[in-house]
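In: fold the following and give me the result.
(chains A and B)
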Amino acid sequence: MNRSLVIGAALSAVFVVAALVSFVWVPYDVTALDIPNKLQKPGFQHLFGTDHFGRDIFSMIMVGARTSIAVAVVAVGIGMLIGVPLGLAAAARKGSLMDEFIMRGNDLVFAFPSLLIAIMITAVFGASAVNAIIAIGVFNIPVFARLVRGAALSLWTRDYVLAARVSGKGAARISFEHILPNVTNLLIVQGTIQFSLGILAEAGLSYVGLGAQPPTPSWGRMLAESQTMFSFAPHLAIFPGLAILFTVLGLNLMGDGLRDVLDPRLRRAQR
Amino acid sequence: MPVLRFVLKRLASLVLSLAVASVVIFLFVEVVPGDPAAYMLGMNAQEDTLNALREELGLNGSLMQRYLSWVAGMLQGDFGTSYTYRTPVSEMIGERMWISLPLAIYALTLSTAIAFPAGIWAASKRGSVADVSVMGLTQLGVAIPNFWFAMLMVLVFAINLRWFSAGGFAGWDAGFLPAMKSLTLPAVALALPQASILARVMRSSLLDTLGEDYIRTARAKGLSRRQALWRHALRNALIPVLTIIGLQFSFLMAGAIIIENVFFLPGLGRMVFQSISARDLIVVESVVMLLVFAVILVNFLVDIAYAMVDPRLRVRA
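Out: Numbering: from 1, shown residues only, chains lettered A, B, ... in the order given. You can find the predicted model right below:
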């Protein structure tokens, strides 16, 4: 078994399970205030301690996992749903005006750092988890479009594609029946990586107040709220940060492992 | 003159990208639900105040007129007047640029200074403990949210050890060293993930070139592995590294937006945030355009640098 894959998958699974379990059970209610027990150090009662409202940090991290995962999943979904067809279309009509249009459009989105897109969207439409999803998702579109176009271009020269053309299949059918299945591995690997970037981006946006709004718990906002208190209560900042770190690390390791397992040829090209 | 033609061609696409970017940003702010003036002033605004602001923003002209006057203004260095601060946006940008730009350059220098030796070292000792530990560290570096890393550094170096201040900017008037000192923790926080990515790219690109035929030839001619690496492989391995440095610049600009907030640095990033909360769209629009311009310009320069490093690319492009 691939070591990165196992460690990565295990780490990621911990957070997915935590998020799922939080729907049915959490140690403490994350919306209930318990002022007498505020700013408790980590201990038996509260594994990761409590915040300035006496809320249990461990429970908040469990519920926060939901936000992170949901935002990242939808953002990757947006990127794939729009980016993949664009990439397929560009490759099917290589060198055409449409190809040129799609690729230049991609370059343009790339020129906007994702955070700037997010800032513009939130500046205009207001801060919310949904707008954060859209901002991160928009940035994912060119990533997938480029990836699919690059891979599809080389697939279009294969004999089986030629055979399909001879048998009378159109470009659209070939793209979906022959090209798409052959780029799925690539999509899975890139999807994992974008997923981890999405979690980082969501944390960053929530940290500066452009992501999930109260009362939705979010790791980034927990860090932001801890900012004024972490000099005397470091646990407020340490645990949510570790949650982000381990989730992203797990996903990255899983991506690396998947790449090795699914396509050994890619190993040389990996960065 | 293939070089000149290459530069001209890239210049044309630079101008085109900028034109499209400006249209996108302009339209974006145009689609603000309802009247931008009402949006900026809030619900209880008086009709005459609204009209005055509309006049000031030039909102009474047609869409095309407004766009053209915005662009024409920017070309002359006029970015409009901030509604909240009542000062020209170009002045505000000018002041804050002297924090954001040095910060980005400082961080880029740091990340290159860390990543190059680390990447070269790991590649030259492939498979060794050194290689594995460098790669392990870069995995961590990529996964750490930089604002969290920044907070941890504040905790250790500012609050516990008291080596640095926890935030704020000393100002260039205080002297070069004190100013740089207040930019050090932010620059390290920004540089860490970038250095990790760069080290990985450096390593894999160098490993790729080390596998090339001409390296084998060089070795066969009697060069040591070390000599072959420094004389032949490194220069060729730099091409993908340059691309990444170019792309990183955009992440540094964006990352700086968050990091400036962690350290309360009065740079462009903080300005964007304050403008968002103040609903000062003129500032947001202009600063975003400026940042996008910087990113496109840097990538243009990287493309030109490519052509310098690798003559083949001049033809292909």
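In: how many neighbours does residue 108 have?
Out: Just so you know, I chose chain A. 17 (other CB atoms under 10 Å in any protein chain shown). Heads up, the C-betas are built off the backbone N, CA and C, glycines and all.
In: my question was about chain B, not that one.
Out: The local packing of B:Leu108 (other CB under 10 Å) involves 21 other residues.
In: same thing with A:Pro181?
Out: Residues near A:Pro181, counting by other CB under 10 Å: 10.
In: and for the one 4 residues further on?
Out: The number of residues packed near A:Asn185 is 16, by other CB under 10 Å.
In: any idea which element it lies in?
Out: Element membership of A:Asn185 [criterion: DSSP states H and E] is helix A:180-207.
In: how about the residue in chain B positioned nearest to chain A, phi and psi?
Out: Going by CB to the nearest CB, chain A is nearest to B:Ala254 of chain B, at 3.4 Å. Here is the backbone geometry of B:Ala254 (degrees, to the nearest 10): phi -70, psi -40.
In: state the pLDDT value of it.
Out: Per-residue pLDDT puts B:Ala254 at 73.
In: what sits against it?
Out: Residues near B:Ala254 by CB atoms under 8 Å, 6 or more residues apart in numbering or on different chains: A:Pro113, A:Ser114, A:Leu115, A:Leu116, B:Leu291.
In: show me what contacts the third one?
Out: When contacts are counted by CB under 8 Å, 6+ apart, A:Leu115 is found next to A:Ala201, A:Gly204, A:Leu205, B:Ala254, B:Gly255, B:Ile257, B:Ile258.
In: let's go with 10 Å and repeat that
Out: By CB atoms under 10 Å, 6 or more residues apart in numbering or on different chains, the contact set of A:Leu115 is A:135-136, A:139, A:201, A:204-205, A:208, A:210, B:250-251, B:253-258, B:269, B:272, B:291.
In: which members of those residues are classed as buried?
Out: Buried members of these, counted by 16 or more other CB atoms under 10 Å in any protein chain shown: A:135-136, A:139, A:201, A:204-205, A:208, A:210, B:250-251, B:253-258, B:269, B:272, B:291.
In: can you map out the strands along chain B?
Out: In chain B, no segments count as strands under DSSP state E.
In: quick one, helices of it?
Out: Listed in chain order, the helices of chain B (DSSP state H) span B:2-30, B:36-41, B:47-57, B:63-75, B:89-124, B:129-143, B:146-153, B:176-210, B:213-220, B:225-228, B:234-262, B:268-277, B:281-309, B:311-316.
In: mean pLDDT for those helices: which is lowest?
Out: Minimum mean pLDDT among those: helix B:311-316, a mean of 60.
In: residue closest to the middle of chain A?
Out: A:Phe195 (2.3 Å; CA atoms, centre = their mean).
In: quick one: it and A:Ala75 touch, right?
Out: Yes. Counting by CB atoms under 10 Å, A:Phe195 does reach A:Ala75; the two are 8.4 Å apart.
In: quick check: neighbours shared by these two?
Out: Common contact partners of A:Phe195 and A:Ala75 (CB under 10 Å, 6+ apart): A:Asn140.
In: show me what from the stretch 51-200 of chain B comes close to chain A.
Out: Applying CB under 10 Å from any CB of the partner chain, we find that the stretch 51-200 of chain B lies next to chain A at B:139-140, B:142-149, B:151-152, B:154-156, B:158-160, B:166, B:193, B:197-198, B:200.
In: quick check on those residues: which are buried?
Out: Neighbour counting over these (16+ other CB under 10 Å) leaves B:139, B:142-149, B:151-152, B:154-155, B:158, B:166, B:193, B:197-198, B:200 as the buried ones.
In: what's the closest non-adjacent residue to A:Val71?
Out: Closest residue to A:Val71 apart from its sequence neighbours, by CB to CB, 6 or more residues apart in numbering or on different chains: A:Glu202 at 4.3 Å.
In: can you give me the helices in chain A?
Out: A:3-24, A:57-92, A:97-111, A:114-125, A:129-155, A:159-166, A:171-174, A:180-207, A:219-226, A:235-262.
In: lowest mean pLDDT across these, which one is that?
Out: helix A:114-125 (a mean of 73).
In: break chain B down into its structural domains.
Out: B:2-75, B:92-316 (automatic domain parsing).
In: return the most buried member of those domains.
Out: domain B:92-316 (a mean of 19; mean count of other CB atoms under 10 Å in any protein chain shown).
In: mind listing what A:Ile199 touches?
Out: Contacts of A:Ile199 (CB under 10 Å, 6+ apart): A:15, A:65, A:67-69, A:71-73, A:75, A:136, A:219-220, A:243-244, A:247-248, A:251, B:143, B:145.
In: contact partners for the closest residue to chain B within the stretch 51-200 of chain A?
Out: Closest approach between the stretch 51-200 of chain A and chain B, counting by CB to the nearest CB: A:Pro113, at 3.4 Å. Counting by CB under 10 Å, 6+ apart, A:Pro113 touches A:119, A:139, B:247, B:249-257, B:288, B:291-292, B:295.
In: which of the contacts of B:Ala254 sits closest to A:Leu236?
Out: Here the nearest of the contacts of B:Ala254 to A:Leu236, counting by CB to CB, is A:Leu115; it sits at 24.3 Å.
In: state the distance from that closest one to A:Phe101.
Out: Distance check for A:Leu115 against A:Phe101: by CB to CB, to the nearest Å, it reads 26 Å.
In: cool, B:Asp131 as well?
Out: 43 Å.
In: do A:Trp219 as well
Out: 38 Å.
In: who's more crowded, the two?
Out: A:Trp219 (29 against 12).
In: right, and B:Lys181 touches B:Ala174 too?
Out: Yes. Under the criterion of CB under 10 Å, B:Lys181 makes contact with B:Ala174 at 9.3 Å.
In: which residues touch A:Gly83?
Out: With contact set as CB under 10 Å, 6+ apart, A:Gly83 has these partners: A:76, A:102, A:106, A:137, A:140-149, A:187, A:190, A:194.
In: try 8 Å this time
Out: A:Asn140, A:Ile141, A:Pro142, A:Val143, A:Phe144, A:Ala145, A:Leu147, A:Val148.
In: which of the residues in stretch A:241-261 are classified as buried?
Out: A:241, A:243-245, A:247-260.
In: wait, B:Arg219 sits on B:Leu229?
Out: No. Counting by CB atoms under 8 Å, B:Arg219 sits too far from B:Leu229 to count as a contact (10.2 Å).
In: spatially nearest residue to A:Leu33, not counting backbone neighbours?
Out: Using CB to CB, 6+ apart, the closest residue to A:Leu33 is A:Phe53 (4.8 Å).
In: run a quick neighbour tally on the closest residue to A:Asp256 other than its chain neighbours.
Out: Excluding the flanking residues, the one nearest A:Asp256 by CB to CB, 6+ apart is A:Ser4, at 4.7 Å. By other CB under 10 Å, the residues close to A:Ser4 number 19.
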